[in-house]
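Participant: Could you work out the structure for the sequence below:
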Amino acid sequence: MKHLIPTLTRGALTAALAVGFAMTALAADLKVGLSTSLSGPNSSIGIPYAKGMQAALAYRGELNGVKIQLVVLDDGSDPTAAGRNARKLVEEEKVDVLMGTSGAPSAVAIAQVGRDSKTPMIALTPISWDPIENPWAVTVAQPTQLMVDAVVERMKRNGVKTVGYIGFSDVWGDLVYDALMKAAPAAGIKVLSNERYARADSSVTGQVLKIVAMRPDAVMTGGAGTPGALPYLALAERGFKGGVYGQHGLINPDFVRVAGASAQGSLMPTGPVIVAEQLPDSAPTKKIALEFRAVYQKVNNAPTTDAFSAYSFDAWLVFLDAAARAMPKAAPGTPEFRVALRDAILSSKEIVGTHGVYNFKPGALYGVDERARVIVKLDNGQWKLAP
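Facilitator: Here you go, the predicted structure:
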């Protein structure tokens with residue numbers, strides 16, 4: 001073939017090289033960057049996120065013939081490390097999309113990097129910021145208000161008139177408390193307390209003593225993962241007989257294990273995936289939820305018993321749909337693709353996931369509606385769909 005090269009004009013050779021480079025760019029892998037808590041107090045949430053993402057990769061590891069790479073980093077449950085991971089994923093790994101993490105403060109740190117680097121982010125946890133100021137991030141988690149509204153509706157149905165609150169002393173505790181304060185008055189329920197504790201605390205006895213002394217009809221907790229069990233243990237130790245209500249941050253096997261009998265009968269909201277087998281066949285999420293259960297079992301050699309791994313799977317589904325619409329506009333690995341991917345995510349329509357059906361639009365963080373929540377009851381260590 002050497003004898004043909006001299007016959008090529010400089011322009012033709014340049015054009016040929018340009019075509020070659022274009023083909024290489026088009027063949028570039030899609031790259032997903034996940035920062036999650038594989039260690040630290042949030043690891044009981046972060047490890048399921050990672051396992052759910054591996055199941056998602058096994059479910060569909062390529063898109064239109066293009067391979068999808070997954071890069072996972074441990075943030076150690078530290079928001080500063082989460083932000084550092086996000087910068088590494090963007091600057092060194094050149095990911096097309098960021099995902100993460102276990103804990104609202106850490107998710108916010110990643111979202112800030114996404115905004116500054118113009119890299120789309122799909123958060124796996126409820127978050128709070130101005131989507132106009134940061135149009136690069138959405139979350140597949142249910143908005144806290146949507147879930148707490150369901151809890152308050154159940155409290156009203158159960159005749160609760162007064163409720164004590166205890167939650168984390170961070171963004172997550174604030175989100176749950178603010179949602180409770182917004183929903184409770186309209187239901188005729190008075191919130192008596194706003195007790196807080198740190199995720200790393202080993203006891204909440206003092207806070208619970210204050211709540212019990214107020215004699216509320218029920219207690220609402222605003223914790224998550226393993227540390228979320230502390231109020232349940234303390235309330236049981238003090239002989240509290242009222243109802244105890246949680247939220248979707250507690251749908252976790254480590255919470256069930258640590259809380260034990262103290263959480264028996266507790267009511268909380270969750271995505272329908274956690275009771276997929278108990279849903280009617282008409283439920284829109286049932287089919288994909290059961291498919292997720294099957295691939296998770298195959299990849300991890302164990303059943304999924306938490307809600308968090310399914311958030312990863314849903315984020316993957318949203319990404320796949322958006323990437324398919326963005327790829328005709330730009331090549332993966334380029335700034336142009338990241339813009340196209342962001343725009344595609346923000347125009348997602350009726351993406352059926354395990355937790356809900358997703359519809360995103362500019363100016364909105366969340367993409368689910370009432371189809372993304374059910375109330376479950378903890379019965380002898382098992383989640384049961386509440387009547």
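Participant: Thr270 bridge partners, please.
Facilitator: Beta-bridge pairing for Thr270 (DSSP bridges): Val374.
Participant: and it, how many neighbours?
Facilitator: Counted with other C-beta atoms under 10 Å, the burial measure for Thr270 works out to 27 neighbours. For glycine as for every other residue, the C-beta is placed from the backbone atoms N, C-alpha and C.
Participant: residues touching it, list them.
Facilitator: Thr270 is in contact with 248, 251, 307, 373-374, 376, 383, counting by C-beta atoms under 8 Å, 6 or more residues apart in numbering.
Participant: which residues in the chain form helices?
Facilitator: In the chain, helices defined by DSSP state H lie at 10-26, 43-59, 79-91, 104-117, 144-157, 171-183, 205-213, 230-237, 253-259, 286-300, 308-326, 335-345, listed in chain order.
Participant: so can I have TSV of the ones you listed showing mean pLDDT?
Facilitator: Formatted as TSV, those follow (pLDDT from 0 to 100):
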stretch	mean pLDDT
helix 10-26	36
helix 43-59	96
helix 79-91	97
helix 104-117	95
helix 144-157	97
helix 171-183	96
helix 205-213	98
helix 230-237	98
helix 253-259	94
helix 286-300	97
helix 308-326	97
helix 335-345	98
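Participant: Need those helices in CSV (columns: distance to Gly265).
Facilitator: As requested, the helices of the chain are arranged in CSV below (distance: least, C-beta to C-beta, whole Å):
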stretch, distance to Gly265
helix 10-26, 57
helix 43-59, 22
helix 79-91, 34
helix 104-117, 28
helix 144-157, 13
helix 171-183, 20
helix 205-213, 18
helix 230-237, 11
helix 253-259, 11
helix 286-300, 25
helix 308-326, 23
helix 335-345, 39
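Participant: Which of those sits closest to Ile351?
Facilitator: Among the helices of the chain, helix 308-326 comes nearest to Ile351, with 5.3 Å by C-beta to C-beta.
Participant: which of the residues in the closest one are buried?
Facilitator: Along helix 308-326, the positions that meet the burial threshold by neighbour count (16 or more other C-beta atoms under 10 Å) are 308-323, 326.
Participant: show me the contacts for the residue nearest the centre of the chain.
Facilitator: Nearest to the geometric centre of the chain sits Leu124, at 2.1 Å (C-alpha atoms, centre = their mean). Residues in contact with Leu124, defined by C-beta under 8 Å, 6+ apart, are 36, 49, 99-102, 107, 139-141, 308, 311-312, 315.
Participant: could you redo the last one with a cut-off of 6 Å?
Facilitator: Counting by C-beta atoms under 6 Å, 6 or more residues apart in numbering, Leu124 makes contact with 49, 311, 315.
Participant: What score does it have for pLDDT?
Facilitator: Leu124 is assigned 96 on the pLDDT scale.
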